[in-house]
Every structure is written in structure tokens, then in C-alpha cells.
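Enquirer: The following comprises the amino acid sequence and a computationally predicted model.
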Amino acid sequence: APEQVLKGKKVTITAGPTREALDPVRYLSNHSSGKMGFAIAAAAARAGAEVTLIAGPVRLDTPAGIKRVDVVSTEDMLRAAEAAADDCDLFIASAAVVDFRPTVVAAQKIKKEDDNESDVLQLVKNPDIVATIAGRTSKRPFVVGFAAETEKVAEHAKGKLARKNLDMIIANDVSDPEGGFNSDRNQVMVIDHAGEQALPAALKTELATQLVELIATRAFPGQHQ
Ligand code: C5P
């Protein structure tokens, strides 16, 4: 059996999209499948971790041996993340969080006959979950983020690593047909303050095992040979 590189570690993972209601029947969201985050959660559990998986609305089964917390909105996800991070060694943010939410959720279905077309959607910026956890001064876990980019992947990812105060970022080119949102495969680059490393294209499930080993080495050095 492979060495349990996360034995005894508490790991929190966000996965999938968030969803922001506009009215009782409509929402803003994105095409995230949650596959990468669920694969990492499964790999972390196989590596011996105690895993909390905070999942937005996705159609995926819960991997074995994992505590799953289902959420819908970004603010729900933030609350669940803050609670889990209070007792956590490693926080991995793979969720595709909706960046803006409607200023108000209409109590009734918005009617197209309403005037003021330009006022139909007023948006306010959502909190940044991973930056909030990484910005902690106490109870701060090792924090890993993701960056889905369509160009200048390494450059944009390094910007996010610094801006969000992350320890590591996993970047992928979502315009590449070999990877991205709904694919079973992915190709990523892992960047931290020591440098960058491209991993070969692989199934998300295989990539997850490799990523968990790499993250464990960086997050908990000296614990495993
Ligand atoms: O800024 P961008 O959305 O590209 O950053 C991606 C990283 O930040 C991912 O790890 C994602 O889970 C996280 N994120 C977050 N909360 C947000 C926006 C992004 O945790 N509101």
C-alpha cells in the first residue's frame, strides 16, 4: 500500500460551483463539475486524512470516508469554510466561486414586462473564501488555491498566489481541450514560493493522487521521506 502521506491530518476542500439566487426561480452560476475537488478529497482520504468536503451544487457521489457539507451560495460556503478551518491543517480551495451576487434576491419572479432594463441586475462582490482563510493570523492552515486561466497561465497564477497570500497554487489552462471544467482529464502547473512545476496531462483521479503527494511534501516537510 502507498504511504499514508496525510495520516492524522485534517484537510478541508471546497469544490464545485456556488450558486447565487436572483429570484425564486433563477440563479447565477458556472459550469464547474466539482470533479477535480472530489478527486482530491478522495485522494486525501486514501492518504489517511480526515477530510471535510464543502460542496456546491454538483451531481457527484460522496467519496468513501469523507464528511461532506453541502452548500449553495458563496456566503454559505464561506461560513462552512470558516468553521472547518478552525480545526484544520490543510485547506484546498478548488471551488469555482461566483464572484458577484445580486444585491437583493427578488421575493417574486422578476417579470420581463418590468421597465428599467438596465436595472434588472445589480451585483455586489462576493467575499473571497480562500483569501479569507489565508489571511488569518491564527488558526491558519496551509492554504492551496486553484487558478483557471485562459492565457498567461503562470503569470496570472503567480499574481493570485501573492494577492491571496496562498502557500501554493495549482494552475490550469481552461481553454485547453485536454482539461478544464467538465473534462475527466486535466493538465496543471503547481506553483509555490520555491518555484513552478508542470505535471503531465492525466485523468483527474490520477492527478489528484499526485497533487496530494506533492502538497503533503510541501505542507508537512520532514514528516515523510
Ligand atoms: O480569483 P480566482 O477566482 O481566479 O481565484 C481562484 C481561487 O480562489 C480558487 O482557489 C477558488 O476556489 C478561490 N476563490 C475563493 N473565493 C472566491 C473566489 C475564488 O475561494 N470568491
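Expert: Everything's here; your move.
Enquirer: does Lys204 really touch Ala39, like I thought?
Expert: Yes - when contacts are counted by Cβ atoms under 8 Å, Lys204 is listed as touching Ala39 (4.7 Å). In short, each C-beta sits where N, CA and C put it, glycine included.
Enquirer: out of those two, which sits in the busier spot?
Expert: Each of Lys204 and Ala39 has its neighbours counted (other Cβ atoms under 10 Å); Ala39 has more, 26 against 21.
Enquirer: quick check, that one in a helix?
Expert: Yes - membership of Ala39 in a helix is supported by DSSP: H, G, I helix; E, B strand; the rest coil.
Enquirer: when you give positions from now on, start the count at 353
Expert: Renumbered: residue one is now 353, and that last one reads Ala391.
Enquirer: So which bits of the chain are right by the ligand?
Expert: 366, 426, 445-447, 449, 451, 478, 480-482, 497-499, 512 (Cβ under 6 Å from any ligand atom).
Enquirer: and which of those residues is nearest to Lys419?
Expert: Of all those, Thr366 has the smallest distance to Lys419: 13.4 Å, by Cβ to Cβ.
Enquirer: Next one, pLDDT for that closest one please.
Expert: Here the pLDDT value assigned to Thr366 is 98.
Enquirer: Surely it forms part of a strand?
Expert: Yes - according to three-state DSSP, Thr366 belongs to a strand.
Enquirer: who's in contact with the closest residue to it other than its chain neighbours?
Expert: Spatial nearest neighbour of Thr366, excluding adjacent residues (Cβ to Cβ, 6 or more residues apart in numbering): Ala447 at 3.7 Å. Counting by Cβ atoms under 8 Å, 6 or more residues apart in numbering, Ala447 touches Thr366, Ala367, Gly368, Pro369, Thr370, Ser384, Gly389, Ile406, Gly408, Met429, Ile481.
Enquirer: What about those residues, which one has the most neighbours?
Expert: When neighbours are counted by other Cβ under 10 Å, Thr366 leads the contacts of Ala447 with 32 neighbours.
Enquirer: ok now do that one, which residues does it touch?
Expert: Contacts were defined as Cβ under 8 Å, 6+ apart; by that measure Thr366 touches 389, 406-408, 429, 433, 444-447, 449, 481-482.
Enquirer: And for Ile392?
Expert: Ile365, Ala367, Ile444, Ser446, Ala560, Leu563, Val564.
Enquirer: Just the local confidence number for it, please.
Expert: 97.
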